[in-house]
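In: Next comes the sequence, and after it the predicted model I'd like to discuss.
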Amino acid sequence: MNGSASIRDVAATVGMSLGTVSGVLNGKVGFADETRKTIWNAANAMGYSPSPHARKLRAGNGGRARVKTGIVIHITHLGEEDAEQDRFEAMRSLMLIKEAARLGLYPITYRYRHLSGFQCPPVLNGHVDGAIVGTPHPEVVDALRGKIPTVLMDVPFTPGLNDGIPMVNTDLRMGFDLLFERLHALGHRRIATFTARDPGEGVWGEEQVAEILASAAARHGLVLSEENRLSARITPKTHEKVMAQAAPFFANCVRERGVTALVFPNHYYVNSLLPLLRTMGFRVPSDVSLAALYVGVFSPESDCCAVTYVWKDLLSTSVDVLSGLIDGRDALACREYLVRPEFFPGTTLDVAPRT
C-alpha cells in the first residue's frame, strides 16, 4: 500500500484494538511476542507509517518540516536469542561509532532476529536518517525500501533483495586467489572443504562463498572433487556435534584420497577441527595444512592461516556511501563496492607432504 495504510487499517487487518496496535508500534512493553510480531509484520507489509502530524510530534519538531537527526541504524543478524558476551559485535559497534563520527553521524545497533520479525519504532517514526543492513532477510530490506537511504554491508547478492541498493562487500575472489596461489606454490594439489547448508529459521548457508572458493581453487590448479566436499546443516547449537561427525570424513580425505590441505569458508570450522584432528594422530601443518576465510575483528584463533576481513575498511566504506545517499550526493543504483581482504599466514600452512 506504499505508506497509505493507517493505524486503523493495521488494527482491522490483525483484528486487534487501536490501543494494542498503537502500543506495540510505539515500542511499549507488556505485549506478548506473538502479538508484537503479528502487528509489526502487518504494518511492514502494508507500508504503514504514522501520519505526518503524529510523526512531527514524536520527533519534537513542533510542526516544522523534518530535519536530519544524524542518527543511522546498523541492523545486524542475531542467530540466537541471547546476545550477551558477543565480543565480535561489541567491537564492531565501537568501530562503527568511530567511523561514523568522522561524518557527524551517530549509529544505533538493532540486532534483528528473524523469528521475531522487524520491529523498530525509531525507523517508523522518522528518527533515523539511514541504515546499514548486515542481514540478508528480505523482510528487513522491504521494510526500509523507499523510507530511508540504505546500504547493504557483507550481504551476498540476491535478485530482488539487492535491486537498487548499494552493497559493500569483501572481495572474496581476490582473497581466495591469494590463498590458493600460496597453496599451489607450496606444492598442494588436492584439497577438501566443508559447506554449511541453510538450516532454516533465517540462518543462511555458505553456498555462494563455497563456489567462489571452488572457482579460485580451479584457477590455481588445485583439485576440489565432489567426493572431498562435505556439506551439512549447522547452527551455533549443533556446531560442535557436526564438526565431531565431520572429523573422520576429513581424516579419510587425507589418508585415502591424497588431500593435503583443508580449506573452509568459515574459520570456526578450523577452531573445532584442529584439536579433533590432533587427537586422531594428525600433525598440523606437517601432515595436513588448514586455511579458512576469517570474518572476525581480532587475530584468527588457533593462529590459523586465513583470508581475513578488514572491518575498518568495510565499515568506513559503508558509512561513506550511506552519508552520500543521505545528503543526496549519490543516487541509488545497483552496484557493489569491494573492499580488499588481507592474508594472514598463521602457522597452519606448510609445504605439502609427499603422498
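Out: Thanks, I have it.
In: Low-confidence stretches in the stretch 101-250 of the chain?
Out: 199-205 (pLDDT under 70).
In: Now do the strands for it: every range, in order, please.
Out: With DSSP state E, counting those that start in this stretch as the criterion, the stretch 101-250 of the chain has strands at 106-112, 130-134, 150-153, 167-170, 191-197, 229-233.
In: Export these as TSV, with columns for mean neighbour count.
Out: All C-beta atoms are positioned from the backbone trio N, CA, C, and that covers glycine. TSV is the format used below for the strands of the stretch 101-250 of the chain (neighbours: other C-beta atoms under 10 Å):
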stretch	mean neighbour count
strand 106-112	17
strand 130-134	25
strand 150-153	26
strand 167-170	22
strand 191-197	22
strand 229-233	15
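In: Put together JSON lines for those strands, with distance to C120 on each row.
Out: Shown next, in JSON lines, are the strands of the stretch 101-250 of the chain (distance: least, C-beta to C-beta, whole Å):
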{"stretch": "strand 106-112", "distance to C120": "6"}
{"stretch": "strand 130-134", "distance to C120": "9"}
{"stretch": "strand 150-153", "distance to C120": "13"}
{"stretch": "strand 167-170", "distance to C120": "21"}
{"stretch": "strand 191-197", "distance to C120": "28"}
{"stretch": "strand 229-233", "distance to C120": "30"}
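In: Buried ones in the helix or strand where V270 lies, by neighbour count?
Out: According to DSSP states H and E, V270 maps onto helix 267-279. For helix 267-279, the buried set under the neighbour-count rule, 16 or more other C-beta atoms under 10 Å, comprises H267, Y268, Y269, V270, N271, S272, L273, L274, L276, L277.
In: which among the residues you listed gets closest to A185?
Out: Comparing the buried residues of helix 267-279 against A185 with C-beta to C-beta places V270 closest, at 20.8 Å.
In: what residues are up against that closest one?
Out: L262, F264, L290, A291, A292, E301, S302, C304, T348 (C-beta atoms under 8 Å, 6 or more residues apart in numbering).
In: again, only using 7 Å
Out: Neighbouring residues of V270 by C-beta atoms under 7 Å, 6 or more residues apart in numbering: F264, L290, A292, S302, C304.
In: just E89 next, same as before
Out: Neighbouring residues of E89 by C-beta under 7 Å, 6+ apart: T76.
In: Surely N44 forms part of a strand?
Out: No: assessed with DSSP: H, G, I helix; E, B strand; the rest coil, N44 is helix; it does not lie in a strand.
In: Tell me the spacing between it and K28.
Out: The gap separating N44 from K28 is 18 Å, by C-beta to C-beta, to the nearest Å.
In: ok, those two, which is more surrounded?
Out: N44 (21 against 13; other C-beta atoms under 10 Å).
In: which other residues reach the helix ranked longest in the chain?
Out: Counting residues, the longest helix found in the chain (DSSP state H) is helix 239-257. With contact meaning C-beta under 7 Å, 6+ apart, helix 239-257 is reached by 190, 192, 194, 227-228, 230, 232, 234, 259, 262, 268-269, 272-273, 276-277, 280, 282, 287-288.
In: Also stretch 101-117?
Out: Taking C-beta under 7 Å, 6+ apart as the rule, stretch 101-117 contacts 33, 37, 40-41, 70-78, 81, 83, 93, 96-97, 100, 118, 120, 135, 137, 140, 201-202, 319, 323.
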